[in-house]
Structure formats: C-alpha cells, structure tokens
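> What shape does this take:
(chains A and B)
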Amino acid sequence: MSGAMGTSAPAILSAHRISKSFGDIPVLFSIDFDIRPGEVHAVIGENGAGKSTLIKILSGIEQPTSGTISFDGQTVTLPPNGAAEAMGIVLIHQEQNLAEHLTVADSIFLGREIKRYGFLNQAEMRRRAAEIMATLHVPVDPDARIGSLSVADKQMVEIAKAISRDARVLIMDEPTAVLSVGETQTLFEQIRRLTARGVAVIFISHKLDEIMELAERVTVLRDGQLIATIGTQALTPDSIAQMMVGRELSNLYPPKHEPDVDAPVVLRVRNLSAQGVNDISFDLRRGEILGFAGLIGSGRTAVAEAVVGLTGRSSGEIELNGKPVDFSQVSQSVDAGVAYMTKDRKGKGLLLNMGLQPNLTLLTLKKHLRAGFLDSASEARALERAVRRFDVRARDASVAVGRLSGGNQQKLMLGKTMESEPDIIIMDEPTRGIDVGTKQQIYHIIAALAAEGKSVIVISSEMQEVIGLSHRVVVMRQGRVAGVLEGAEITESEIMRYAAGIKQSGHDERISA
Amino acid sequence: MSASAPDMAAKPARGFRIDLKTAGPLVALALLVLLGIFLNENFLSYNNLTNVLARSSFIGIIAIGATFVITAGGLDLSVGSMAAVIAGVMIMVMNWLIPTMGIGWGVVLAGMAVGILVGGVAGVGNGLMITRGRIEAFIVTLGTMGIFRSLVTFLANGGTLSLNFQVADVYRPVYYDGLLGVPYPIIVFALVAIGGEIIMRRTAFGRYCAAIGSNEQVARYSSINVDNVRLLTYILQGVLVGVAVLLYVPRLGSASSTTGVLWELEAIAGVIIGGTTLKGGYGRVWGTVVGVVILGLIGNILNLQSLISPYLNGAFQGVIIILAVLLQRGRRR
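Coordinates of the predicted model:
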C-alpha cells in the first residue's frame, strides 16, 4: 500500500549525519534518516542497536551530539521534553505513558485541556474524545478510567491522543509488542487511515512480518550504525533479519527432542479455578516443553500465577511428582522446584534501579548466607556464572539494570529464575520485545533445559514461537482450555481455530499425553 | 561492548573525583566541623562534642529505625508521640513499682523493659494496620501520632509525669555517666548504628527492605514475604524508639505532652540528609548517623557564635535538608 502523497514527496522530517554519545560512549554514528508524508518507515535493529536513541532524537527528547534535523525543509533544533508535539511530532512510547486514574477523555486532552471561562469544559472534551474514538472505530467510553482498559485499548487511547494533536509525524515504539493478532490488525487499519491523511509514521517493531506488511521503507540499524534504508518490496524477512544480526540466521528454533512416551508426569493440574481461570486441567511431563497459546487475556498468566501461589485458587488440585501440593506463597513453590518467570520484566521481574548482582540473587538470597550474613563473594560468583551461561552483556555489574537493553534484562531475569535450580520452569512471554538474535539464544536455552530433563511451560502470544518450541500446545480461551494439540496438529491455523473459539475439544479429552 | 565475565564483578576504578552523591553528607559534616572550629575554639572541646553527640543520640537511634522503614517504602510519623507515651508509661510503671520493689536498679530495669515492650507493641500495631489492614503508612502513623500524643496528655492529666526523685537519682548515670569518658547514650547510639549498618548491608532482611522499597511487585514475585518484612521494619522502629527513650528518661526524669514533639520530622530529616531516598529502595545507616549529627551541629554552632540568632536554627536545618536532596539528585541522564 502506498500513502496519499506517493514516494516523490519531499521529506517532512529528516536527519543528516546525526551522532549521539552518552558521556564518552557513542551510541549512534552518523545516521541519515528521512520520512515523507503518508509513508510508513520502519526502523529495526537488535536491542542496543540505537533505535530508541534515534527516535528520541527525532522527537526532540534527546539532542544529537552532532548532525542536523530538518523539519518541513527547514533546519531546526527540536524543543526538548515533548514540546515537539506542538510541531506535530508525536512519540508513542513503548511503555505507555498514561495516568491510570484519569479518564479516557482526560488523557486525550491532558496538557491541552479545553477551557471555558478559565474552567475545564468537561462536556466538550468528552464529546470530542468520543468523536475521535468513533473515527478510530474503538468502542471505548470516554469516561472510562485508563486503569480499567485493556493494553490494546490503552494503545488506541495513545493514538487518539496523537490524532487529537494533529500529528504530522507519528513515532511508534514497538506498538504491537503487547497486542494480540486481532488487535494488531486493528492498529494497522488505524495506521493506514492516518497515512491516507498524509501522516508520516515511523514504526519500530521486532516483528519482521509486520514490517513487511505495513512499511514502505525499512531502515536497519546495527551497533549504532546505519546498515541500509531499503524499500520493503526488495526485501524478505530473512534478508532483513540477516542485516540486523550481521550473520546468517539459521535454526532460529532448535530441533525438537520429544520426551519419552513413558516420561513421568511431573506436574498434574486438575480442575483448577481461580480469578480468570475456569476449570483448567493439564499434565506436564519430564523433559517436555508445553506451550500455552491463546489470545491476550485468555487466562494463561492467571493459570501460572495460581499454580505457583502468587494468586489464590478457589478450587482444584495440583500434584507435583504425584504428591498433592498447595502453594500459598511463591517461596513454597520455589522451594519445591517450580519457578515462574513473569512477562512483565520491568514491573514485576527486575529492580530497575539496582545493579545486576542484587537482581540475580533476590529470589535465592538464602543460598548466599553464611552464618546469617550475606556472602557477597558467593553472590559475585553466582553472577559470574550467570553472565557466562546466559550471555548477559553489561558495561559493568554496578550499572542499573534499567539501563540494560531489553534482551539483556530478559537474560538476566532468566538467570535469576534459574538460580533457584527449578525442575519446572514456567516462562511467560520469554522473548517479548527482544531482538531476533537474543530470541534465538533463549530458544536454545529452553531446548537445552528440556533436554537435560527439566520441564518447561512456555506461555507466548507469538504463534511461531509456540509452534517452533513446544512438544504439545495447550490453547486457552476465556479462562478455559479450548484444546490440546500434539505433533503435526500444532499449526498456526489449528491454534487460531481453538483460540478464537471456532473449534472446541470435548471436556477432558486428550488432557493427558 | 561485552565485558568478559571476570571483569564484570569488579567495579571500575572511579578515579579521585569525589562522588557527591555518596560522600555529600560527609563533605557537609567536614565543612560544618571546620566552620565550628573557625568560629569558636571551644567547639572542639570534649564537653561540647560529647554534649552535642549525646543530645543527638535520641534522634539518631530513632532515625536508624526510620532508615529501615523508609528504605522499605514506608513512613512512620508516630515516633515522636510514641516516645512521649513510652516515657510516660515507663515513669508511671517505675513509680508504681517502688512500694513493692523498693528504690534501686530493679525498678529501673523493669522500667526499661517496659519501655522497650511498649515500643515493640506500638510498632506491631502500626505495622499490622499497614500490612494486614492495607492502609497507607502515612495515614496509619498520622493517626497513631495523634492517638499517642493525646494518650500521654491524658496519662499526665494535662501536666507533667515526674519520676520519683530517688529512683531518678539511681537512673541518672545512664544519661550522665559513661565508659572511659564516653557517655552511655553515645555508646548505645554507636552500637545501634553499627548493628544497623550490618543489618542493612549484610543480611537478607536489609536487602529485602531495599527490594520492597524499590518495587514491591518485584519483591513479591521474587518470593519475598513483603508483609512480614514490612511489619518487621515497624517493630524494629518501635523497639528503637523504646531504646532511645530509656536513655532520655534519666535526662529530665519527666514526661509531658511536649515530650518528643517534632522528633519524627527530625528523624526523617536525618535519614534524608544521609542519602536514603524518601520513596524507598535505597538506604544507608551510616548516612543517617551523619545526617543526624549534622542537624545537631547546626544548632550547636549557632549557639557558639554571636553573629546570627540561634532562633534561626530551624531555618538552617531546613536549608540543609533541601540542599542535601538537591545534591543527591545528581546528574541524571
């Protein structure tokens, strides 16, 4: 698809030979970038390639160390602190920047409230918010609190906010990372509507298929260098991936080694019910990778949290190695060898203001006590091991974890989880928002764990990932098990049928392997 | 960009640049001491220094407890009023025990035990309401601050509770005497500070406090019993208020509705000046000690000179608090 203004239009926003250093560490080297009205221009690269820095410079949040920015053909210095929004350059952050307690209408007009006689004109703001949401075909009540919305709806509110600001350049940092397939399609429709109106969209994503579908041009960054800016037609997902990583990417998924048919069942869950979970039963065998697929909000995380005792369960039995267990606290499940790795690494997984070492050992601090006191040498050894095993890259161990790239954060969190030496590992979205190179590493780690006799549950919204890794797949829908797939049945269309409710397996059928 | 594994555990050398964020309180303390020496030759005298430190030790011991509460993301506004109640109850219990136990150390020790017990119970109360009751710490301790304050006024019947003067004579040395010339309050302050620093740095409890204050969800997902750790910080705070009061009672031998007024704010100020972050997640006990001593020295120096009115003490303390936070904010990127 091509935008309203075509490819010959002059660039609305462009950057010439911009470089950026933080202190004495260079992160961008002489980058050229431009975007035309009505165009979707994707920026891709591995974590730490400099994408975030580039868009921060393009939206005025950071100033380049050298190089120039042009807007509408004029060389400009973009005002800092989001003031570039007034010029029509709007950045939608990766982490959504909405205040949970405000209403949808409040959020859309935050900072530019409509006033009458100096007082807020609530009715008018509500009316206009409803109008914008209607043009987006998003059925969200302008009076709803942000906190009550789904992640996808929050995303739409961000877009509505951008539209209400008459955005001319919309910069979206991984907008689909937390969206389901259907929600992503809705988002793409919105983006196409915007580009048809001449809005330029800079789109950052790790999902190559999305980029192929949506973008006209792709700019590939690697290690702060501009690798190429190419029209999407000239590309295949493989060639993009290769440019990102700088090496041939074969075997994204390791070969599957099915567990023996008579491998013992290590985790047996029967008729589990909890908040958002309805009568779930499944088995997990030794050495097995069990995928949990389903739409966002289908209750996969809720199952995991109920199993390990993070949330209470209202009924159901859980057996570990044949013995009934009842975890009411996470510490009990960790001691029993069942570890859960959250999907929310920034909110629930890592202490962003602390260094690598306290983060790594937080779950298992008791292992590092000597005569009741912390043994920091033992902690340092653990970090050294984990850094080597999981290839965590950081300038030094004292750097705050919040400043690591997403992929390194994820690997550190994996290290933290594995510190408890679990036999059963439940990984929730283990590759969310990380680059393809790191993904491959994590896939191989998961496969290696299974090969050495651990059992892994992988909850993922990326269908390819579930298919590429799992020996069996549990598909969830609305808090229930919609179906269990094995072997050749594990296909995208089959998972989708169960996830969307087109197909439904009978109760208890094929629950155990 | 990848450091090899063995290098990573070692911190890089930072050169000789003084990191204001870490050393700020120490630099401020050094400057104050130099100023004191410059203004009055008596500043460095044994009497003056022990006097300042002994007076600072009550707030200091309380502030060390507050360091844990604040590091774990909490707040305790009730400590000043709690101190008054503990002092009142201690005096009443000791007076009441005289007929049965007679005048002597027995009564004093019983009073001390009661003081620590009352502090611990008050801490349990605060802590349970905050953790099990899920009420915000600010609100709970604002409430108990009022309750404790009015309780001591009630116990004293609006006046002053005085310790039997014979018992007070027995008890007196606990504040006024010392070991090898160092007053007992300073010794206890030092011991509590060393113990506190060890607990904060070298125990799982200290690490858990910082983790909870940094992000409660992460702590919960890391199998930390958040409620119990929180509760313990309030109990520790209560017990340390008890310790501070049993050093304070022999100083005046009385308690009234004005005992311990504004101690909570002085304690919090000391914690903040010392570099602990008010919203939790990072705390250091030695910083709190320095912070409290800085506050004590400001008053002392103002009293030792004649250019500026000592009535401006509070203003100088206020300026120091704001400056401390400004300096510690550091250069953020």
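> Residue A:301: neighbour count?
23 (other CB atoms under 10 Å in any protein chain shown). Glycine gets a C-beta too; all of them are placed from N, C-alpha and C.
> hang on, it in a helix?
Yes: counting by DSSP: H, G, I helix; E, B strand; the rest coil, residue A:301 falls inside a helix.
> check contacts around it.
Contact partners of residue A:301, counting by CB atoms under 8 Å, 6 or more residues apart in numbering or on different chains, are A:343, A:428, A:459.
> who are the neighbours in contact with the residue most central in space within chain B?
Chain B has residue B:63 as the residue nearest its centroid, 1.8 Å off, counting by CA atoms, centre = their mean. By CB under 8 Å, 6+ apart, the contact set of residue B:63 is B:266-268, B:270-271, B:288, B:291-292.
> Chain neighbours aside, what residue packs nearest to whichever residue of the stretch 51-200 of chain A sits closest to chain B?
Closest to chain B within the stretch 51-200 of chain A is residue A:62: 9.3 Å, counting by CB to the nearest CB. Once flanking residues are discounted, residue A:62 sits nearest to residue A:56: 4.2 Å by CB to CB, 6 or more residues apart in numbering or on different chains.
> distance of the one you found from residue A:174?
Applying CB to CB, to the nearest Å, the value for residue A:56 to residue A:174 is 14 Å.
> How far does whichever strand or helix holds the residue nearest to the centre of chain B sit from its chain's centre?
Following DSSP states H and E, one finds residue B:63 within helix B:46-71. Centre-to-centre, helix B:46-71 and its host chain are 6 Å apart (CA atoms, centre = their mean, to the nearest Å).
> buried sites along that helix?
B:48-50, B:52-71 (16 or more other CB atoms under 10 Å in any protein chain shown).
> Show the average pLDDT along it.
For helix B:46-71, mean pLDDT is 94.
> now the angle between helix B:46-71 and the next helix or strand after that helix, please.
Using DSSP H and E, the helix or strand that follows helix B:46-71 towards the C-terminus is helix B:79-101. Angle, helix B:79-101 to helix B:46-71, by axes from the mean of the first three to the mean of the last three CA atoms, to 10 degrees: 110 degrees.
> Pull out the buried positions in helix B:79-101.
Neighbour-count burial for helix B:79-101 [16+ other CB under 10 Å]: B:79-95, B:97, B:101.
> got the angle for the helix or strand following it vs helix B:79-101?
Per DSSP H and E, the first helix or strand lying C-terminal to helix B:79-101 is helix B:105-131. Here the directions of helix B:105-131 and helix B:79-101 differ by 150 degrees (the same axes, to 10 degrees).
> quick one: helix B:105-131 near chain A?
No: Helix B:105-131 is not in contact with chain A by CB under 8 Å from any CB of the partner chain; minimum separation 14.4 Å.
> Tell me which other helices or strands that helix touches.
helix B:79-101, helix B:137-155, helix B:165-171, helix B:226-252 (3 or more CB pairs under 8 Å, 6 or more residues apart in numbering or on different chains; DSSP states H and E).
> Report whether the longest one contacts chain A.
Same thing as helix B:226-252. No: using CB under 8 Å from any CB, helix B:226-252 stays clear of chain A, coming no nearer than 10.2 Å.
> got the buried residues for that helix?
Buried, per 16+ other CB under 10 Å, within helix B:226-252: B:226-227, B:229-251.
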